[in-house]
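Trainee: Pasting a predicted model and its sequence here:
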Amino acid sequence: MDISKDYDLFLDAITGLMVIDKNGNVVYMNEQCADYIKVDREKIMGKYVTDVFPPSNMQNLLKGPNKFNTNFYFCDGRMSVSTQVQLRKDGEIVGVLEYDMIQDIDALDDLLTKYAGTLKDEMAYFREQVRNFKSTKYSINNILGSSQKIKDLKYQIELASTTNSTVLICGETGTGKELVAHSIHNLSARAFNSFVKVNAAGMAESLIESELFGYEEGAFTGAKKGGKKGKFQQADEGTLFIDEINQMPLSLQPKLLRALQEGEIAPVGSEEDVNVNVRVIVASNQDLRELVYKGEFREDLYYRLNVFPINVPALRERLEDIPELVEAKVRSLNGELGKNIQKVDPDVYRQLMDYDWPGNVRELYNRVEVAMNYAQGEILRPEHFNWRADNSSIDLEALQREQNPIEAIKKEAERKLINETLMRFDYNKSKAARYLKISRSLLYQKMKRLGIHL
């Protein structure tokens, strides 16, 4: 077979082949490249290159004397090494061609083991960048549901990811506000830089300032030698997520406001300000406007935070998503719990959708896990849940199957109390133990005995 003129065969064999014209618009992409960056080749033709592949910098080669360039890319945690070539016709730049020399980080590592010094140091740097990218556990694909509420939420996330404005995520406990923050970061131009999170309610008021803004050596008794970078500096060029912003002490709010307005922070004990480039996302399970009216939150800070508001719907507002959520959780728990649940009885869904879910998705997932611990076989049935959605009566038929009905009721009541307390404090076991007036070790013992897994 003569392949000397089979140009499509040649082009498709080149990894990561893409061509842009002098305006930066994509005019060619082979199938291999489209599959690698996960786009529809037909739909992206004519679009600007960074709209098709945001990390691209091919457009930079459309100007200047450089005819070639080598670039490192990251895509979904993978690394590729690309060569870019200026295309000229009659002495004028008419476009840029790019192809990948390497699309596998392990292959690149093997290549670099043959060299020493600077190249090896750069490999360590890029590995750290990949590690930073993977440190964000969630993406928009982890937001499950097909309801209109979820479609609207995803649309808001996509819009938020295109800007650097501060985002205020509001929603009840257990709705998935942190998941939304991760998703915005992973879709944004900062996706390959750090995602740093801090909970404003998770630390003492005396420590939160140094935690956010860092401190200089000798700033206070016990300060580390050489000082310490705060969360703002750790998130430089990336995203800082502050959860439970409603718990931010009033005394610290002016300093946070200044960091947002001026892009400057003052580490504790320092006489000099530090410039930072940070995209801030905050979350609250309380209405900040009400806190402003009560004098518990600064009005000027509220307006500075409320630039791009996103409301995460409660589960009771999207009950039609419950089957999809349950099925996904069952698949996940099968491996974790050593189960083989292949089907969920339709009566389970009817039961679950007849409840208002004060603990939202987090409570739903907890209920499913408890039920799966009871389940034997391949079908998850209503009796495995061992609870009544309306909580108004006791299922005497189910209790009749128990060896000790009174003990079973007491055990379930204890399990429910501990679960709801853990959910209230975002699964902070120290806070839950203090609320229940028991030691942390006793809480662990009870959780183990009752089959409560986090």
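Mentor: That came through fine. Predicted model, so just to flag it, every value in this text is computed and none were measured. Residues are numbered from 1 along each chain as shown.
Trainee: How far does stretch 36-43 stretch from one end to the other?
Mentor: Stretch 36-43 has an end-to-end distance of 16 Å (criterion: Cα to Cα, to the nearest Å).
Trainee: mind listing what's buried in it?
Mentor: Neighbour counts over stretch 36-43 (16 or more other Cβ atoms under 10 Å) mark 36-37, 39, 41 as buried. Any C-beta I mention is one placed from the backbone N, CA and C, and that applies to glycine too.
Trainee: L61: which of these is nearest?
Mentor: I37 (18.6 Å; Cβ to Cβ).
Trainee: What is the end-to-end distance of stretch 28-45?
Mentor: Length of stretch 28-45, first residue to last, Cα to Cα: 7 Å.
Trainee: Distance from the chain centre to it, please.
Mentor: With Cα atoms, centre = their mean, to the nearest Å as the basis, stretch 28-45 stands 26 Å off its chain's centre.
Trainee: can you check stretch 88-104 too?
Mentor: For stretch 88-104, the distance to the chain centre is 35 Å (Cα atoms, centre = their mean).
Trainee: Show me what it is in contact with.
Mentor: For stretch 88-104, the surrounding residues in contact (Cβ atoms under 8 Å, 6 or more residues apart in numbering) are 14-22, 27, 33, 36, 56, 58-59, 61-63, 67, 70, 78-87, 108, 111.
Trainee: Now do L291 against N428, distance only.
Mentor: Distance, L291 to N428, using Cβ to Cβ, to the nearest Å: 21 Å.
Trainee: In helices, which of the buried residues of stretch 36-43 fall?
Mentor: Counting by DSSP state H, the buried residues of stretch 36-43 place 36-37, 41 in helices.
Trainee: Which of those residues sits closest to L212?
Mentor: Closest to L212, out of all of those and judged by Cβ to Cβ, is I37, at 36.4 Å.
Trainee: Might one say that the closest one is in contact with F53?
Mentor: Yes. Between I37 and F53 there is a contact under Cβ atoms under 8 Å: 5.4 Å.
Trainee: which of the contacts of stretch 88-104 are buried?
Mentor: Buried subset of the contacts of stretch 88-104 (neighbour count, 16+ other Cβ under 10 Å): 15-22, 33, 36, 56, 58-59, 61-62, 79-82, 84-87, 108.
Trainee: Count the neighbours of the nearest residue to I44 once chain neighbours are set aside for me.
Mentor: Among residues not flanking I44 along the chain, V52 sits closest, at 4.5 Å (Cβ to Cβ, 6 or more residues apart in numbering). Applying other Cβ atoms under 10 Å, we find 21 residues neighbouring V52.
Trainee: Equivalent analysis for the one 3 residues further on, please.
Mentor: P55 has 15 neighbours, counted by other Cβ under 10 Å.
Trainee: ditto for E407
Mentor: Neighbours around E407, by other Cβ under 10 Å: 10.
Trainee: where are the low-confidence patches of the stretch 301-450 of the chain?
Mentor: Applying pLDDT under 70 to the stretch 301-450 of the chain flags residues 386-403.
Trainee: so who does the nearest residue to E420 once chain neighbours are set aside touch?
Mentor: In this structure, E420 finds its nearest non-sequential neighbour in G359, 6.6 Å apart by Cβ to Cβ, 6+ apart. Contact analysis of G359 by Cβ under 8 Å, 6+ apart lists 173-174, 366, 420, 423.
Trainee: Throw together a ChimeraX command that grabs the buried residues out of the residues you listed.
Mentor: In ChimeraX, this line selects whichever of these come out buried by 16+ other Cβ under 10 Å:
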select :173,174,366,423
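Trainee: part of a strand, is I3?
Mentor: No. Under DSSP: H, G, I helix; E, B strand; the rest coil, I3 sits outside any strand and is assigned coil.
Trainee: so how many other residues sit close to the nearest residue to Y138 once chain neighbours are set aside?
Mentor: Nearest residue to Y138 in three dimensions, chain neighbours excluded: H182, at 3.9 Å (Cβ to Cβ, 6+ apart). Using other Cβ under 10 Å, H182 has 24 neighbouring residues.
Trainee: Tell me if I'm right that H182 and S139 touch.
Mentor: Yes. With contact defined as Cβ under 8 Å, H182 reaches S139; the gap is 6.8 Å.
Trainee: The spatially most central residue of the chain sits in which helix or strand?
Mentor: Geometric centre of the chain, nearest residue: H182, 2.3 Å, by Cα atoms, centre = their mean. Assigned by DSSP states H and E, H182 belongs to helix 177-187.
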